[in-house]
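Enquirer: Sequence first, predicted coordinates after that:
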Amino acid sequence: EAQVTQNPRYLITVTGKKLTVTCSQNMNHEYMSWYRQDPGLGLRQIYYSMNVEVTDKGDVPEGYKVSRKEKRNFPLILESPSPNQTSLYFCASSPTGSVGYTFGSGTRLTVV
Amino acid sequence: EDQVTQSPEALRLQEGESSSLNCSYTVSGLRGLFWYRQDPGKGPEFLFTLYSAGEEKEKERLKATLTKKESFLHITAPKPEDSATYLCAARALNAGNNRKLIWGLGTSLAVNP
């Protein structure tokens, strides 16, 4: 089944404890993005990647890092999480970026 | 500034009561208008892409249309399983390598049996 898989689905952590949210797609898509979704603010792009080893900042990159060492994987790293990073996070992929994205099921992160 | 505005914010319908959701956009050279459906706690699910004014696309009870200023998602004889938040997003000419989408805040649709 074609899909984007994120893990974990739920995560509660403490301020400053480094964490990684994994994302993997099995569709050989070139474009991948990370979004966060907050009430009243909608979906905001954190980082995107056009292909292996090609990544760039989206609208809200502060406090996040990404890497794209393999085409299928695009992990999101929070080196020192803070409470304002509590949010619902989505990974998404697209063949070219010009057509519809396939989204993962989401990771609900709480930073206390 | 590029912007996408959806209305209404929330809509409650009786089963079988047809209606339309609106997505108004202000972007520099539209390169695609996207509709997604999002169920609570889940990722958005892609529905349609429209590229030019006058274009229409259909899927089951949903039909999306596009003009030069807005897009409509028409829902014909909705069923309770159509309850979800419907998101629209626009891609502008100047999206660059990012192919960045400008997202609306969504319309939350509830269909009562």
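Expert: Arrived safely, thanks for sending.

Enquirer: Can you tell me how far the closest residue to B:Glu1 other than its chain neighbours is from B:Ala10?
Expert: Distances taken as Cβ to Cβ, 6 or more residues apart in numbering or on different chains put B:Thr26 closest to B:Glu1, at 7.7 Å, once the chain neighbours are dropped. Quick note: C-beta positions are derived from backbone N, CA and C, even for glycine. To B:Ala10, B:Thr26 is 23 Å away according to Cβ to Cβ, to the nearest Å.

Enquirer: how many neighbours does A:Tyr89 have?
Expert: Residues near A:Tyr89, counting by other Cβ atoms under 10 Å in any protein chain shown, number 22.

Enquirer: Spell out which residues of chain A are next to chain B.
Expert: Within chain A, the residues that sit near chain B (Cβ under 8 Å from any Cβ of the partner chain) are A:4, A:31, A:40-45, A:48, A:50, A:56, A:58, A:88, A:90, A:92, A:94, A:96-106, A:108.

Enquirer: Now the buried members of those residues.
Expert: Buried members of the residues of chain A next to chain B, counted by 16 or more other Cβ atoms under 10 Å in any protein chain shown: A:4, A:31, A:42-43, A:45, A:48, A:50, A:58, A:88, A:90, A:92, A:94, A:97, A:100-104, A:106.

Enquirer: that older thread, quick one, which of B:Thr26 and B:Ala10 is more surrounded?
Expert: Between B:Thr26 and B:Ala10, counting by other Cβ under 10 Å, B:Thr26 is the more crowded of the two (15 against 11).

Enquirer: My read is that the more buried one contacts B:Asp2, right?
Expert: Yes - between B:Thr26 and B:Asp2 a contact is recorded at 6.5 Å, counting by Cβ atoms under 8 Å.

Enquirer: show me the residues around B:Glu15 that make contact.
Expert: Taking Cβ atoms under 8 Å, 6 or more residues apart in numbering or on different chains, we find B:Glu15 in contact with B:77-80, B:111-113.

Enquirer: Relative to A:Met32, how far out is it?
Expert: Separation of B:Glu15 from A:Met32 (Cβ to Cβ) stands at 38 Å.

Enquirer: which parts of the helix or strand bottoming out on mean pLDDT in chain B are buried?
Expert: Using mean pLDDT, DSSP states H and E, the weakest-scoring helix or strand in chain B turns out to be strand B:101-103, at a mean of 92. If you call a residue buried by 16+ other Cβ under 10 Å, then strand B:101-103 has these buried ones: B:101-103.

Enquirer: Keep these, but drop any that are not near chain A.
Expert: Among the buried residues of strand B:101-103, the ones lying near chain A by Cβ under 8 Å from any Cβ are B:101, B:103.

Enquirer: which one of the buried residues of strand B:101-103 is nearest chain A?
Expert: B:Trp103 (4.6 Å; Cβ to the nearest Cβ).

Enquirer: Verify the stated contact: the closest one with B:Tyr86.
Expert: No - with contact defined as Cβ under 8 Å, B:Trp103 does not reach B:Tyr86; the gap is 11.9 Å.

Enquirer: Name the residues that touch the longest strand anywhere in chain A?
Expert: As assigned by DSSP state E, the longest strand anywhere in chain A is strand A:42-51. For strand A:42-51, contacts defined as Cβ under 8 Å, 6+ apart pick out A:30-38, A:55-61, A:64, A:66, A:68, A:71, A:74, A:76, A:89-90, A:97, B:44, B:87, B:89, B:97-98, B:100-101, B:103-106.
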